[in-house]
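**Student:** When you get a sec, could you give me coordinates for this:
(one chain, ligands or ions: 1)
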Amino acid sequence: MSATALDAETILARCERLYGDTTLGEVRAWKKAHPGRPAIGHLPVYVPREVLHAAGALPVGLAGGGDQVDIVKGDACFQSYICHIPRSTVELGLQGDLDCLEGFVFPSTCDVIRNLSGIWQIQFPGKYVRFLDLPQTFDVETAGKFYQHDLEELVHDIAKLGGREPSSAEAAESLRLYSANRRALRALYDLRAEAPWLCSSDEAFLVTRAGFVLDVVEHTQLVEQFILAAKRRNKRKEDRIRVMLIGAFCEQPPLGLLRTLERSGSYVIDDDLNLGMRWIQGEVDPGSSPFQAIAHAYLKQSVWASTRYEDQQRRGEQLVKRAKEIRADGVVFGAASFCDPALLDQPPLQKALTTANIPFISFKYAENTGQFQGILEQAGTFSDSIKLWGGA
Ligand code: SF4
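**Tutor:** Predicted structure coming up:
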C-alpha cells in the first residue's frame, strides 16, 4: 500500500496509540536507532523545537499524564490550588516514564512551570534542566539579541549531552523542516475551518499531538497523509454551529471532553490545543543567521496567546478577528482549573466578544476530568440557542 493511500482511521489509530503511551515508547525506539543522541523533553506552551533539533536532539513535547496517570506522589510537591499538569508530570518522572530523556526545558509560560523547573532540579538531580526565559519585550535590538544568546547557550548545553554544535547550514535545515511542519499543521486547521465534518477537533488534536514524539519529517508526512485521507472521506455536513475552543493551550483536556463537544451540536472549527506546535505564523527565512531568524520570528510572528506579553495588538481584537475570518458562530472558553493565564484573560476576551456580538460560554476542566455530562448539556444548550435565536 502506498503511503498516501493510508486511510484516516489507520492514521488516527496510530496517533491515539502514541498519545496513550505515557512511557514514550516511540522516543525509546528513536534513541535505539540513533545511539548516543539525546532526547530533550519540554513543557508547554512554546519552545523552539527546531533549536533542539539543530543541536542533534529529538524534541519531545510533555503535556502531563492526561487521564491515564494516577497521582500518588506528585501531589506532595504542590499546593492544592494550582492546575493539574505539574503533578502528573512529576508523577511520570517519579515512576520512571521519562527516564529516556536526557534533559528538560521549562519555558517561562507561567509561575507554575517556572516553579516546576526548580522542583525538577530537586527531584531529578542527574538530569539537565533549563529554564527558557522567553522575551517580554519585542525590540529586536534588545530582546532579539538576548533571546538569540539564550538559544545559542541552549545548543551548547545539548551538544555536551551528546548532540552537536550545528553549522549554519544544519541550523537552517532544521528551521526549514519545522517551517514545513507548521505549514502542514496550518493546512490541517484550514481543512477544519472549511469542512469540519471531514476532520473533528479530537482528530486534529491527535494528529498534531503525534508530533510531540515523532521526528519532524515523519510527523509532517503523517499530517499531510491525514489531510489527504480526510478529504477522501465520505462524510456529510451536519446541521451544527461553528465554534472556537479557547483557553486550552497548556494543560490539555481529556480526549473524551473534545469528543463530547463534537457531540453537542457544534463543529469545533478552531482551537488553541497544542498551541506551541503552531506558535510561529507564516514562513521564516533562515537567512545567514538561523538562530537570529528563530529569535526574531518569536518577536514578530508569534500567535496571540494568553501566556505571551501583550504588545500593540490586543488579544481581544485578535480573537474577534480570527472568529470573523473563520465565520465562527460562537466561542467556547475551556480552561484548565486554576490556570491563571487563561482565566485572567477571559474577562477582556469576553468583553471584546460582547462588543462584536459574538456569543460565548465557558467551563473549566482538569486533564483527568472524567464526567462530561454537564459540559454536554451546557454546550448543547449553547448550540440550540444559536440555531434558534442566533445568540446564547
Ligand atoms: S495550565 Fe495554566 S497555570 Fe497550569 S502550567 Fe499551564 S499555563 Fe500554567
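**Student:** Report pLDDT for C15.
**Tutor:** Listed pLDDT for C15 reads 98.
**Student:** is it fair to say it lies in a strand?
**Tutor:** No: counting by DSSP: H, G, I helix; E, B strand; the rest coil, C15 is not found in a strand; it is helix.
**Student:** In space, what's closest to it - neighbours in sequence excluded?
**Tutor:** Once flanking residues are discounted, C15 sits nearest to L206: 4.0 Å by C-beta to C-beta, 6 or more residues apart in numbering. Where you see a C-beta, it was placed from the backbone N, CA and C, and this is true even at glycine.
**Student:** who does whichever strand or helix holds that neighbour touch, helix- and strand-wise?
**Tutor:** Here L206 sits within helix 201-209, counting by DSSP states H and E. The contact analysis (3 or more C-beta pairs under 8 Å, 6 or more residues apart in numbering; DSSP states H and E) places helix 201-209 against helix 8-20, helix 168-194, helix 216-231, helix 255-262, strand 266-271.
**Student:** okay, the angle between it and helix 216-231?
**Tutor:** Orientation note: helix 201-209 sits at an angle of 160 degrees relative to helix 216-231 (axes from the mean of the first three to the mean of the last three C-alpha atoms, to 10 degrees).
**Student:** Helix 201-209 versus helix 168-194: what angle between them?
**Tutor:** Orientation check (the same axes, to 10 degrees): helix 201-209 against helix 168-194 gives 180 degrees.
**Student:** Return the distance of helix 201-209 from the chain's centre.
**Tutor:** Helix 201-209 has its C-alpha centroid displaced from the chain centroid by 10 Å (C-alpha atoms, centre = their mean, to the nearest Å).
**Student:** what's that helix in contact with?
**Tutor:** Applying C-beta atoms under 8 Å, 6 or more residues apart in numbering, the external contacts of helix 201-209 come out as 8, 11-12, 15-16, 18-19, 61, 63, 185, 188-189, 192, 222-223, 226, 230, 245, 252, 255, 258-259, 261-262, 268, 271, 273-274, 277-278.
**Student:** Helix, strand, or coil at L245?
**Tutor:** Under three-state DSSP, L245 falls in the strand class.
**Student:** For stretch 280-287, measure first residue to last.
**Tutor:** Counting by C-alpha to C-alpha, to the nearest Å, you get 17 Å between the two ends of stretch 280-287.
**Student:** Show residues contacting that stretch.
**Tutor:** For stretch 280-287, the external contacting residues (C-beta under 8 Å, 6+ apart) are 171-172, 175-176, 179, 182-183, 293-294, 297-298, 301-303.
**Student:** Any chance of a PyMOL selection covering the buried ones in those?
**Tutor:** Burial among the contacts of stretch 280-287 is assessed by 16 or more other C-beta atoms under 10 Å; the matching PyMOL selection reads:
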select buried, resi 171+172+175+176+179+182+293+294+297+298+302+303
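**Student:** residues near the residue nearest to C15, how many?
**Tutor:** Around L206 there are 24 other residues, counting by other C-beta atoms under 10 Å.
**Student:** For burial, what's the neighbour tally of L62?
**Tutor:** Residues lying near L62 (other C-beta under 10 Å) number 23.
**Student:** Can you tell me which residues in the stretch 51-200 of the chain are near the ligand?
**Tutor:** 83, 85, 109-110, 112-113 (C-beta under 6 Å from any ligand atom).
**Student:** Any chance of a markdown table for those residues, columns neighbour count, pLDDT and secondary structure?
**Tutor:** Shown next, in a markdown table, are these (neighbours: other C-beta atoms under 10 Å; pLDDT from 0 to 100; DSSP: H, G, I helix; E, B strand; the rest coil):
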| residue | neighbour count | pLDDT | secondary structure |
| --- | --- | --- | --- |
| C83 | 23 | 95 | coil |
| I85 | 26 | 97 | helix |
| T109 | 24 | 97 | coil |
| C110 | 20 | 96 | coil |
| V112 | 19 | 96 | helix |
| I113 | 22 | 97 | helix |
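**Student:** closest to H149 among those?
**Tutor:** Nearest to H149 among these: T109, at 20.6 Å, using C-beta to C-beta.
**Student:** Which residues are in contact with that closest one?
**Tutor:** 43-46, 250, 307, 341 are the contacts of T109 under C-beta under 8 Å, 6+ apart.
**Student:** how about the helices in the stretch 251-392 of the chain?
**Tutor:** Using DSSP state H, counting those that start in this stretch, the helices of the stretch 251-392 of the chain run over residues 255-262, 290-301, 315-325, 340-355, 373-389.
**Student:** Please put the alpha-carbon coordinates of the second one into CSV.
**Tutor:** Coordinates of each C-alpha in helix 290-301 appear next as CSV, following Å, rounded to 0.1, in the frame of the first residue of the first chain:
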residue,chain,number,x,y,z
PRO,A,290,19.2,30.9,11.6
PHE,A,291,19.2,31.4,15.4
GLN,A,292,18.7,35.1,14.9
ALA,A,293,15.8,34.2,12.5
ILE,A,294,14.2,32.0,15.1
ALA,A,295,14.6,34.7,17.8
HIS,A,296,13.1,37.3,15.5
ALA,A,297,10.3,35.0,14.5
TYR,A,298,9.3,34.8,18.1
LEU,A,299,9.2,38.5,18.4
LYS,A,300,7.4,39.3,15.2
GLN,A,301,5.5,36.2,14.1
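**Student:** So which residues make contact with it?
**Tutor:** Residues outside helix 290-301 that contact it (C-beta under 8 Å, 6+ apart): 46, 48, 50-51, 54, 134-135, 138-140, 143-145, 147-148, 151-152, 155, 168, 171-172, 174-175, 279-282, 284-287.
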